[in-house]
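Engineer: What follows is a predicted protein model with its sequence.
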Amino acid sequence: MIRGYLGVTIQSVEYMADPPEEVQEGAYVVEIHPDTPAARSDIEAGDVIVGFGDDPVGSAEELTAHVTDTKPGSKVDLTVVRGGEEKIIEVLVGSLPREYEQRMVLVPGCCGRRPCDPDGGGLRVWKPEQTRSI
């Protein structure tokens, strides 16, 4: 199975020690991986993704499910909150690199329906105990 891929490290807003004031839920973008679909878009570290296409995004787990279910090559509008304002960003979903696919495992705190990558690369969900300031 080919899974969709953005190339970001994310964290659920609800697990953040110091969440952005303007949002209570969503997927906080911790890091953009180089040479990935996210790096080729207008997504920035510090954005909070609150929508994927027509669907709301309440957590990193929800974003993971949306992205991995999306056919690579699809254009999707992400709704992000940046600096207190909502912004729509179009992104071209890529294919999860094979080396990441081989490392995918189900981890506690993941949505349980999709694989999460606990040690780097691809679309990753941090468990609450893994959160840290970068």
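Structural biologist: Noted; the coordinates are in hand. What you are looking at is a predicted structure, and each value in this text was computed from that prediction instead of being measured.
Engineer: Does anything pack onto the longest helix that the chain contains? Which helices or strands?
Structural biologist: Using DSSP state H to assign secondary structure, the helix with the most residues in the chain is helix 60-69. Contacts defined by 3 or more C-beta pairs under 8 Å, 6 or more residues apart in numbering; DSSP states H and E place helix 60-69 against strand 4-5, strand 8-12, strand 27-32, strand 48-52, strand 124-125. In short, each C-beta sits where N, CA and C put it, glycine included.
Engineer: would you turn these into CSV with distance to residue 72?
Structural biologist: Listed next are these as CSV, based on distance: least, C-beta to C-beta, whole Å:
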stretch, distance to residue 72
strand 4-5, 6
strand 8-12, 15
strand 27-32, 18
strand 48-52, 15
strand 124-125, 18
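Engineer: Dump the ones you listed to JSON lines, plus mean neighbour count and mean pLDDT.
Structural biologist: Formatted as JSON lines, the helices and strands packed on helix 60-69 follow (neighbours: other C-beta atoms under 10 Å; pLDDT from 0 to 100):
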{"stretch": "strand 4-5", "mean neighbour count": "22", "mean pLDDT": "90"}
{"stretch": "strand 8-12", "mean neighbour count": "25", "mean pLDDT": "89"}
{"stretch": "strand 27-32", "mean neighbour count": "22", "mean pLDDT": "91"}
{"stretch": "strand 48-52", "mean neighbour count": "23", "mean pLDDT": "96"}
{"stretch": "strand 124-125", "mean neighbour count": "26", "mean pLDDT": "48"}
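Engineer: Could you list the low-pLDDT ranges of the protein?
Structural biologist: Applying pLDDT under 70 to the chain flags the ranges 100-134.
Engineer: Compute the number of surrounding residues for residue 73.
Structural biologist: 11 (other C-beta atoms under 10 Å).
Engineer: ok, now which ones touch it?
Structural biologist: Listed by C-beta atoms under 8 Å, 6 or more residues apart in numbering, the contact set of residue 73 reads 92, 93.
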